[in-house]
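K.L.:
Curious how this folds, go ahead:
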Amino acid sequence: MIHSDISEARLEVAKKLGADMIFKPSRNEDPKQAGLELRTALGEEADLCVECSGAKGTVDASIHACRPGGKVMMVGFGDMAMYAHIGMAAVREIDILGAFANVNNYPECINLVASGKVDVKSAISHRLPLEQVKDGMELIRRGESTKVVIDCS
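P.N.:
As a prediction, the model looks like this:
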């Protein structure tokens, strides 16, 4: 598994959590070139790209990084209306999958965390009291965090 991110901090967390490879792409605005960068870093075309940021152009870059017949799963959402080369996905027979609330996955997720197979605590970069929720949102907006937990007690 390769984790691609523009944030050094998030790349380090991914490495700590077991990513086989981490990759910091250039800020290439051409999705076709961005997809080529990902394929080059991986050494081959991807079977599955899980796009978690929702940033402009990332779904399109994922389409270009996938092998023909591969899959792109959209997990992150910026704007609900996204621009992507759906025609390119169709020509390359790439399935576009959506995942938002992970319906019916909660019991499995809870078991994985409870058993210690998945370490979620390492992904938390900040813990803030409820009064600092705006500060937490600002950390996220500036890309200076991985996961921010707001303590509501």
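K.L.:
remind me, longest strand of this protein?
P.N.:
Taking DSSP state E as the criterion, the chain has its longest strand at strand 66-74.
K.L.:
What's the first helix or strand after it?
P.N.:
The helix or strand immediately downstream of strand 66-74 is helix 86-91, counting by DSSP states H and E.
K.L.:
Looking at that next one now, give me its mean pLDDT.
P.N.:
For helix 86-91, the mean per-residue pLDDT is 92.
K.L.:
Same question for stretch 98-112.
P.N.:
For stretch 98-112, mean pLDDT rounds to 80.
K.L.:
how far does it sit from the chain's center?
P.N.:
Its chain's C-alpha centre and that of stretch 98-112 lie 16 Å apart, by CA atoms, centre = their mean, to the nearest Å.
K.L.:
With stretch 72-92 instead?
P.N.:
Computed by CA atoms, centre = their mean, the chain-centroid distance of stretch 72-92 equals 14 Å.
K.L.:
what does stretch 114-132 give?
P.N.:
Offset of stretch 114-132 from its chain centre (CA atoms, centre = their mean): 17 Å.
K.L.:
which sections of the chain are below the confidence cut-off?
P.N.:
For the chain, the stretches with pLDDT under 70 are 101-102.
K.L.:
Pick out the residue nearest the middle of it.
P.N.:
Nearest to the geometric centre of the chain sits residue 52, at 2.7 Å (CA atoms, centre = their mean).
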